[in-house]
Every structure is written in C-alpha cells, then in structure tokens.
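Peer 1: mind folding the following:
(chains A and B)
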Amino acid sequence: MKGEHGPLVHELFGRGDYGLISEIVEPGSCVLDLGCGEGELLAWLADNKNVDARGVEISPAKLQKAIARGVSAYQGDIESCLADYPDKAFDYVLLSQTLQEVRYPKQVMQDILRVGRRAIIAFPNFGHYKVRLAHLLNGRAPKTKLFPYDWYDSPNIHFLTVDDFEILAARERWQIERRYFLSGTKEIKAMPNLLAEVAVFVVSHA
Amino acid sequence: MVVETQIKRFDSIELESGVVIQPVDIAYETYGALNAAQSNAILIVHAFSGDAHAAGESADGQRGWWENMIGPGKGFDTDKYFVICTNVLGGCKGTTGPISINPATGQRYGMSFPVVTIGDMVRAQKMLVESLGIKRLLSVAGGSMGGMQVLEWAVSHPESVASAIPIASTARHSAQQIAFNEVGRQAIMADPDWNGGEYFDSKPPARGLSVARMVGHITYMSDASMREKFGRRQREDNGIFEVESYLRYRGSQFVDRFDANSYLYITKAMDLFDLANGAQSLVPVLNKTRTRFLVISFTSDWLYPSYQSLEIVNALRRRNQDVAYIELTSSYGHDAFLVEVDEQAELITGFLARSMKDYSRA
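Peer 2: Reported below is the predicted structural model:
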C-alpha cells in the first residue's frame, strides 16, 4: 500500500494504521474520529485532503491540543456520544486502536455503522504469534510490544483476533469492503491471524 | 495601544417588539485592521456589566475588560484580525439606554425606555457592523451574556457569521439564574433613592445597586476561589471579614460606573432570552445556522454550569453541525472566562485559524 502521502504520514505518526487511514479516506469527505487524541490525523486530513474533520476525545489535555490544532473535537465518551448524531452523518467513522477498550464493542460497531457510511476500524490482533507464545510459554497474561500493559492496568478489556472480527462481521452482516494487515508499517499478505500486529478493516452495512 | 471609544449615531432602530427608538447611538471600539477581502472581522460581545472598551488602554489609563485576550499575538490576534466591540443597547457606556435623553421629551428615558432583548442588542450590532462595510463576520465571540448574543447572531444572521465562540453561556436562563437577577433588581427597587427610576436630578440608588452587585460577585466566584482568596481572614483596621470588605468595595465601585436602570433592563433582557423561543429542543432553531462553533465552559462555574453549554453542543451534534467543545478545569467559577487566559487563547487561536481558511474557501 503506497500512496502519495504514505511516507509523509508514516513519518508524522509513526503508526501504520494512521498511514493507511489517511490514504483510504477520500478527499472532501466528512470524517469522525472516535478517540481523536491530539487531533494529528484529523488536522492532517483537513490540511491535505480538505476533509471536514470532527473528533471525539475524553481526555481534556488531549482535547485541548486537538482544538488548538483547529480540529472540531468534542469532549465525550465514545460509547455515549454516537446516539446524538443523525443517520449517515459521516462518510467515514474512524476507530483506531480502541475497539478492544470499549465496554460493548458490538453496540459501538452498530452505532458507528448507523452514523457513518463507512467505518475504518483498526485494532491490535490478539492472535499474533508473539502474543500466543507469550501466553503459552509464560502461562501469564501476555505482555508484548503490542500489548505492553500488566493485566491489572491495561485499558484493553476485550482480546479479539483478526478471525474474531471476521466471524462477528459475517454474523452481523457487516460488509468488509477492504482489509489490511500490518506488521509495523509493513503490509502482511498471508496468514494475517498469526502474523498481523494490527488489522485495519473498512466496513459498511451490507 | 491607546484607544478611544467611538460613537456612531443611526436614525433609528426598530426593536423586536416593534417599538422604534430614534435616534440611536452605538458606542464601539476597533482594534487591528480590516483586510482588503473584509474577511478578518471579529465581533466581541460583552457580558452583563461590560462595555465597548474591550482592549487597549483608554486615555484615562483604563485597560480593556478582555485586554489579556485581545491584542497583537494574543488569542484574538490584532495583527491578523480586525476586532470590533460595541456597548449593548440599553447599556450606560455610550450606547443608547435608559440614561440617554429622549429627544421627544428632552428628559432622560429612565423607566420609559422600552424593554430591550438580546435580539435587539444584536440588531444594533448588525447595524454597526454593516456601517463598517462588513457583510460577513469571521467570528462572533463572548462570555456569559456575550455568549447569548453570539448564539442569537448565529441563529438570526446565519449568513453573516462564519464562526461563533460562546463561552460560559447558555441558550436560556435557568430558574436559578433568573432568581439571582431578581434579587439584584429587587435590591435596587427597594432603595428609596431609586424613586421609580427617576433619580437623575438627585442621588442614584447607590445602596441598592451596590447590594445587587455584591450578590452578582458571589455568583461569579466559587466556594474554592473564595476560600482561597479570602478564607476567614479579617481586616486589621476594622475587623470585618476580607470577603465582606471585598464585596463592599466591589459594590461601591460599581455604583460609580453603572446605571441602576440599565441594571434592571439588561438583567431582564438576559432572563427573557430563549434561543428556542419556548420550545423544549434547541435543534429546530439551530437548523438555520451553518456557523462553526467553539463552545467553552468551566468546571467550577455554577452560575452557567457546563450542562447548559452541553445542551447547545448536543443540539448542534444532532444536526451534525461543526462544533468543538471543551470544559476547562478552573477553580475561578464564572469569572474563569475572564481569568483563564492561556488555555482559552490557545483554543481560540487554532479555531480562528481554521475558520479563516474555511472563510476564504467558502
């Protein structure tokens, strides 16, 4: 996956999923970023792709920086904020590295697919072989580069794999339009459930 | 920068009630320069007791009430933007109000001045802004009652406002806010010197106005900020509590700079304001606006609590309107919007820069 913005974006964010997302989003679209942090991605999309950029962020300190970047971000909680938006309000709703942190992921996905024409969902793959090995060999809650937290202070409360997401999508009749698998910033082509550190799905309603 | 309040006279203004005031004077100040495209004009609207002197220093050495936010390199950067501030209709700082002479009678209006609304204040501002050759403002910004005018601008002149910054404000007063205003009004009217508003040839209702202001100042602070500022400390000279001394000082100082009848009229305008015109939801009335919003509230502001800002924000979100919202942490209560400069300046700088880009694109 090499877009014209690729290298620049990768340098800016150092996160493979951000680079991908910035390439997927079409110019001029309206984008809601759930958990937008300091608004780096949204500001980049607004400046380079003329995107109407909106964000939701719970941390006041991060939100302050996002608004200072000119991003229209709002102080709120991902799981309660979506109800207020009208149907199909956004061309894209972004949820980057957060699905595993929300209390009710399926409900959040349903809400996202209601307010957005498309969802771009990126999450760390709990099926990655290093995670499996860490668990198997140590017999403890896995602690890896991908999941660096101790079990007692981890924000991650659901541990899903690439296959888990695919199975739920099929059952819920979500249409996966595109799928990307990353190891670092490199794209993985085979055995994603084993080799991908991060999965990026572009999802819409069937 | 030394600034002088200008006064512009207009033949008349028709109020929302249909009553016509003629002529009408509007006091204003401007800072910075209007660009050739006339795309960099920002209207600052003041809170209850403010005036047109928002920034810079007047000839007699008075600094503007938002001096720390408006100026070169500040939140409202006058190197980039042309900033206008006017005194509200019904005020007593140069714009026509109860203290003005009614040309029909040759007497001061006093209580014969017509009831004015937040909408009327905005009408007057619109006249002034147009007279300066500005068709579309880059932004309208203000705190407290200023925020109400900001909302009114966005709803009644959506085509004339590219962005809006209501701070520590509300779409309508709660019973508690009306209650405090009523205490202030009753304090003034209970003072025999008020005399039905006819005090121009004798002495003004200083005690009543002073008490009204004391109540106001309590509502502008917070338990934490008062504890920090005064605690239970007592003055050594007369033994009264510091907080008593402070309130008395603020009250007496206010008498020298504010007209009691204006107090009655302007607080009433605030109480009567309802952006939704009596409807439960704000969503329908906000249907008209295309303005982008930056809404700010403060954690310790119990006079204009954050839920009131959130009501505006959520109504805008229901319409998928462009809105940024943050509740800033502060212990200063309602006064925070005048005190918490650094964070607000950072937010406003970014918001205005983006608004300016969008303005040029539109």
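
Peer 1: neighbours of A:Arg178, just the number please.
Peer 2: 13 (other Cβ atoms under 10 Å in any protein chain shown). (C-beta placed from N, C-alpha, C; glycine too.)

Peer 1: okay, and the beta partners of it?
Peer 2: Listed by DSSP bridges, the beta-bridge partners for A:Arg178 are A:Val202.

Peer 1: spit out the contact partners of whichever residue of chain B sits closest to chain A.
Peer 2: Among the residues of chain B, B:Arg354 lies closest to chain A, at 3.1 Å counting by Cβ to the nearest Cβ. Contacts for B:Arg354 (Cβ atoms under 8 Å, 6 or more residues apart in numbering or on different chains) come out as A:Ala46, A:Gly70, A:Val71.

Peer 1: can you count the residues close to A:Tyr85?
Peer 2: Residues lying near A:Tyr85 (other Cβ under 10 Å) number 21.

Peer 1: how about B:Trp153, secondary structure?
Peer 2: For B:Trp153, the assignment made with DSSP: H, G, I helix; E, B strand; the rest coil gives helix.

Peer 1: give me the number of neighbouring residues for it.
Peer 2: B:Trp153, neighbours per other Cβ under 10 Å, totals 29.

Peer 1: what about it, distance to B:Gln308?
Peer 2: 18 Å (Cβ to Cβ, to the nearest Å).

Peer 1: and A:Leu94, by the same measure?
Peer 2: Taking Cβ to Cβ as the measure, A:Leu94 falls 30 Å from B:Gln308.

Peer 1: more neighbours: which of the two?
Peer 2: A:Leu94 (28 against 23).

Peer 1: what helix or strand is the more buried one located in?
Peer 2: A:Leu94 is part of strand A:90-96, with elements assigned from DSSP states H and E.

Peer 1: cool, and A:Leu32?
Peer 2: In this structure, A:Leu32 sits in strand A:30-34 according to DSSP H and E.

Peer 1: which stretches of the stretch 1-150 of chain B form strands?
Peer 2: Remark: strands assigned in the stretch 1-150 of chain B by DSSP state E, counting those that start in this stretch are B:6-10, B:13-14, B:20-21, B:24-31, B:41-45, B:70-71, B:76-77, B:82-86, B:101-102, B:107-108, B:139-143.

Peer 1: centroid residue for the chain?
Peer 2: I went with chain A, as the question did not name one. A:Ser96 (1.8 Å; Cα atoms, centre = their mean).

Peer 1: sorry, I should have been clearer: chain B.
Peer 2: B:Ala47 (2.1 Å).

Peer 1: next, count neighbours for the closest residue to it other than its chain neighbours.
Peer 2: In this structure, B:Ala47 finds its nearest non-sequential neighbour in B:Ser144, 3.9 Å apart by Cβ to Cβ, 6 or more residues apart in numbering or on different chains. For B:Ser144, the tally of surrounding residues (other Cβ under 10 Å) stands at 27.

Peer 1: so where is chain A shaky, pLDDT-wise?
Peer 2: A:1-15 (pLDDT under 70).

Peer 1: ah, wrong one, I meant chain B
Peer 2: Where chain B drops to pLDDT under 70, the residues are B:362.

Peer 1: in a strand, that's where A:Tyr74 is, yeah?
Peer 2: Yes - counting by three-state DSSP, A:Tyr74 is located in a strand.

Peer 1: how far away is it from A:Met109?
Peer 2: As judged by Cβ to Cβ, A:Tyr74 and A:Met109 stand 20 Å apart.

Peer 1: of those two, which one has the most company?
Peer 2: Using other Cβ under 10 Å, the more surrounded residue of A:Tyr74 and A:Met109 is A:Tyr74, with 26 against 22.

Peer 1: how about the helices in chain A?
Peer 2: Per DSSP state H, chain A carries helices over the ranges A:6-13, A:16-24, A:40-49, A:60-68, A:78-81, A:105-115, A:129-138, A:162-172, A:192-195.

Peer 1: out of those helices, the one nearest B:Ser12 is which?
Peer 2: For B:Ser12, the closest of the helices of chain A is helix A:60-68, at 41.5 Å, according to Cβ to Cβ.

Peer 1: any bit of stretch A:111-122 sitting next to chain B?
Peer 2: No - figure legend: stretch A:111-122 not in contact with chain B (Cβ under 8 Å from any Cβ of the partner chain); closest approach 8.7 Å.

Peer 1: straight-line length of that stretch, end to end?
Peer 2: 16 Å (Cα to Cα, to the nearest Å).

Peer 1: count of residues packed around B:Ala206?
Peer 2: Neighbours of B:Ala206 (other Cβ under 10 Å): 19.

Peer 1: now do B:Ala33
Peer 2: Using other Cβ under 10 Å, B:Ala33 is surrounded by 12 other residues.

Peer 1: what sits against it?
Peer 2: B:Ala33 neighbours (Cβ under 8 Å, 6+ apart): B:Phe82.

Peer 1: what bridges to the residue nearest to B:Gly142 when sequence neighbours are not counted?
Peer 2: Excluding the flanking residues, the one nearest B:Gly142 by Cβ to Cβ, 6+ apart is B:Val45, at 3.6 Å. Here B:Val45 sits in beta bridges with B:Thr86, as judged by DSSP bridges.

Peer 1: give the contact list for B:Val45.
Peer 2: By Cβ under 8 Å, 6+ apart, the neighbours of B:Val45 are B:Cys85, B:Thr86, B:Val88, B:Met121, B:Gln125, B:Val140, B:Ala141, B:Gly142, B:Gly146, B:Gln149, B:Val150, B:Trp153.
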